[in-house]
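Q: Return a 3D structure for these sequence lines:
(chains A and B)
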Amino acid sequence: MSDSVRVRFAPSPTGPLHIGGVRTALYNYLFARKMGGKFLLRIEDTDQARFVPGAENYILESLAWLGISPDEGVGVGGPHEPYRQSERKDLYKAYADKLLADGKAYYAFDTSEDLDAMRASFESQGSAFQYNSLTRVKLKNSIALAPAEVEQLIASGTPYVIRLKVPAKGEVRFQDSIRDWVHVHTSSIDDKVLMKSDGMPTYHLANVVDDHIMEITHVIRGEEWLPSAPLHILLYQAFGWKAPQFAHLPLLLKPEGNGKLSKRDADLGGFPVFPMEWTDPATGAVSKGFKQEGYLKEATLNFLAFLGWNPGTEQEMFSLTELADAFSLERINKAGAKFDVKKAQWFNEQYIKQQDPAALAADYLPNLPADQGLAFVHLFLDRITFPQELAVKVAEFQARPAIYDEAVLASKWNADALSGLQFIAQALPGVESWEPEGIKHAIHEVLEANGIKMGKVMQILRVALSGNGAGPDLMISMQLWGKAEVIERLATALAKFPAL
RNA sequence: GGUCCGUUCGUCUAGGGGUUAGGACACGUCCCUUUCACGGAUGAAACACGGGUUCGAUUCCCGUACGGACUACCA
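A: Coordinates of the predicted model:
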């Protein structure tokens, strides 16, 4: 079908990809999959000043980690190569020239300093400067200046930009998939710069030209673009092109307080706002990543998808393919969503339990024999949020108690407990089969024979062996410690526990 | 300041002219368990405010308040 869906994710390589950007990529990907269309990745590197080495690679790796794989674009190629805007530079100039020839754009020679001064003077009078139909006739451009003068300026190499000649009167309207009709008067739109004086296009031009050439049918992007969408509509009109369908996504907000989620929140809240760890090439500063923090890709995806979208059913665990099946633009929310770490952690806990225990053991407890690693995974699976906690739990488990839980001792350490422990210490060496049932049976038997209730000593036994008043199943723990170690620990505790 | 966008439990949200306003996270209680965790059950918890339209508005319209984005030769 000729009008099949084509969407794109078009980040700028100016730093690590923000988690909000990842969500935008995800929604584009999901929509493409749902509609049987194509998902493209285009790199918008038209700002030479803000270019950050490694950022493009970071974007590619982050998307690859999550399985948000482009069908076309940087890294995979396709019929519209190149997909990096810096490599398409000449193209944009040709389109800008066409607008110039049609009288829909004009040259402007005002320097940044000129414009800054203009803005300052307007501001001092309490109003805002706009480069528009009212002011352009008084500024230094090919509308206000005589043709000969313009030619002379260009011939002499005076730097210039190309601006869009926004109509003085009229209304721009478009129907956003998420926000429905949005209308704006052209009088509130600036004569935006299309081509910068360095010969590079601005976002506005490059974006519209590429989306048209690459036959993009739906532009799904962050809400920060909503104010410039009317300008883009105007550009499509100036070129005589059909505008794509727009869908402006709600923003991701700070977990506490107001404002959009930022890098600062990560530092403050101790949670990541980037998909993967990022080391700033200039400062060497390291920012946390979901991946390195221990978030599973399935959990990250599921969590992100639900920030601003929901299936309308009560199902909340969704794989990437299930998300693609259930996804629709209509079910995206309008209001911004606060980032909730607790929910992200909950998703992670759910997905950890779904992992293959043997794989978890191999990946996170590589130094243990496979059967032992597996046993520990089973022991701790329900008690961790991140897989790397496994190794910590195991280390704590294996270390002999340095201190004994004071509170438990204070309330449970008594004559019954003492004799119970002593009986257990006597019985343990005789346990033939050192496995949970056998150990439990032996303890039960010796306590019953001496008229002591299990409940009186079990927690004290736990403290004696592990130092803690709470923890995983004691019988399984004892099996894992091993007979000799348990006997040793019990003897130590008996010697160290306070006299009665 | 201007333009545009938004507002249902603390958070993510369902719903939509007449509902006991539903679910999830977090929180409380109970059950399970020798303990903790997991799991199960249960509780507390919301339609920003003011007008209108209507027999009836949380839902539609208009204001107000609050929040947000944008307002660069950045994207």
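Q: Do a quick rundown of the strands in the stretch 351-500 of chain A.
A: Taking DSSP state E, counting those that start in this stretch to define them, one finds no strands in the stretch 351-500 of chain A.
Q: After the lowest-mean-pLDDT helix or strand in chain A, which helix or strand is next?
A: Every helix and strand in chain A was compared by mean pLDDT, DSSP states H and E; the lowest is helix A:263-269, with a mean of 75. Going down the chain from helix A:263-269, the next helix or strand is strand A:278-279, by DSSP states H and E.
Q: and the helix or strand that comes right after that next one, how far out from the chain's middle?
A: Under the assignment DSSP H and E, the closest C-terminal helix or strand after strand A:278-279 is strand A:286-287. Computed by C-alpha atoms, centre = their mean, to the nearest Å, the chain-centroid distance of strand A:286-287 equals 14 Å.
Q: chain center to the helix or strand following strand A:286-287, what's the gap?
A: Reading on from strand A:286-287 to the C-terminus, the next helix or strand found by DSSP H and E is helix A:290-293. Counting by C-alpha atoms, centre = their mean, helix A:290-293 is centred 10 Å from the centre of its parent chain.
Q: what's the burial count for A:H444?
A: 12 (other C-beta atoms under 10 Å). Bear in mind the C-beta positions are built from the backbone N, C-alpha and C, glycine included.
Q: quick one: the nearest residue to A:Y95 once chain neighbours are set aside and RNA strand B, what's the gap?
A: Using C-beta to C-beta, 6 or more residues apart in numbering and skipping residues adjacent in sequence, the residue nearest A:Y95 is A:V209, 5.1 Å away. Going from A:V209 to RNA strand B by C-beta to the nearest atom of the strand, to the nearest Å gives 13 Å.
Q: Run a quick neighbour tally on A:V209.
A: 22.
Q: Next, the contact list for the residue lying closest to A:G78 once chain neighbours are set aside, please.
A: Nearest in space to A:G78, with sequence neighbours left out and distances taken as C-beta to C-beta, 6+ apart, is A:E72 at 3.3 Å. The contact partners of A:E72, by C-beta atoms under 8 Å, 6 or more residues apart in numbering, come to A:K38, A:F39, A:L40, A:L41, A:G78, A:P79, A:H80, A:Y83.
Q: redo that, cut-off 7 Å
A: By C-beta atoms under 7 Å, 6 or more residues apart in numbering, the residues touching A:E72 are A:K38, A:L40, A:G78.
Q: was I right about the first one contacting A:R6?
A: Read that as A:K38. Yes: assessed by C-beta atoms under 7 Å, A:K38 is found in contact with A:R6 at 4.9 Å.
Q: Return, as residue ranges, the portions of chain A with sub-threshold pLDDT.
A: A:1-3, A:257 (pLDDT under 70).
Q: Identify all contacting residues around the lengthiest helix in chain A.
A: Counting by DSSP state H, the longest helix found in chain A is helix A:19-35. The contact list for helix A:19-35, computed with C-beta under 7 Å, 6+ apart, reads A:5, A:7-9, A:11, A:38-39, A:62-63, A:68, A:218, A:220-222, A:249, A:251-252, A:261, A:273-275, A:301, A:304-305, A:307, A:323-325, A:327, A:329.
Q: before we move on, back to that, report the separation between the residue nearest to A:G78 and A:S124.
A: Distance, A:E72 to A:S124, using C-beta to C-beta, to the nearest Å: 50 Å.
Q: Tell me if stretch A:375-390 is near RNA strand B.
A: Yes: for stretch A:375-390, a contact with RNA strand B is found by C-beta under 7 Å from any atom of the strand, at A:D382, A:R383.
Q: Start and end of that stretch, how far apart?
A: End-to-end distance for stretch A:375-390: 11 Å, by C-alpha to C-alpha, to the nearest Å.
Q: Pull the distance from that stretch to the chain's centre.
A: On C-alpha atoms, centre = their mean, the centre of stretch A:375-390 falls 24 Å from that of its chain.
Q: Please spell out which residues along it are buried.
A: Buried residues in stretch A:375-390, counted by 16 or more other C-beta atoms under 10 Å: A:A375, A:F376, A:V377, A:L379, A:F380, A:L381, A:I384, A:T385, A:F386, A:P387, A:L390.
Q: Over to stretch A:54-64?
A: Of the residues in stretch A:54-64, A:A55, A:E56, A:Y58, A:I59, A:L60, A:E61, A:S62, A:L63 count as buried by neighbour count, 16+ other C-beta under 10 Å.
Q: A:G467: neighbour count?
A: The burial count for A:G467: 19, using other C-beta under 10 Å.
Q: Chain neighbours aside, what residue packs nearest to it?
A: Per C-beta to C-beta, 6+ apart, closest to A:G467 is A:P401, 2.7 Å.
Q: Could you report the distance from the one you found to RNA strand B?
A: Where RNA strand B is concerned, A:P401 sits at a distance of 14 Å (C-beta to the nearest atom of the strand).
Q: For that residue, give its distance to A:A493.
A: A:P401 is 7 Å from A:A493, by C-beta to C-beta.
Q: A:K334 now?
A: Separation of A:K334 from A:A493 (C-beta to C-beta): 61 Å.
Q: Contacts for stretch A:401-414 next, please.
A: Here stretch A:401-414 has contacts from A:Q459, A:I460, A:V463, A:S466, A:G467, A:N468, A:G469, A:A493, A:F497, A:P498, A:L500, using C-beta under 7 Å, 6+ apart.
Q: okay but the second one is in contact with A:S419, surely?
A: No: taking contact to mean C-beta under 7 Å, the distance of 11.1 Å between A:I460 and A:S419 leaves them out of contact.
Q: Quick one: residues contacting A:L252.
A: A:I19, A:G20, A:R23, A:K260, A:L261, A:L307, A:G336, A:A337, A:F339.
Q: Let's see that with 10 Å instead.
A: Residues in contact with A:L252, defined by C-beta atoms under 10 Å, 6 or more residues apart in numbering, are A:18-24, A:222, A:260-262, A:265, A:273, A:304, A:307-308, A:336-339.
Q: Cool, thanks, signing off.
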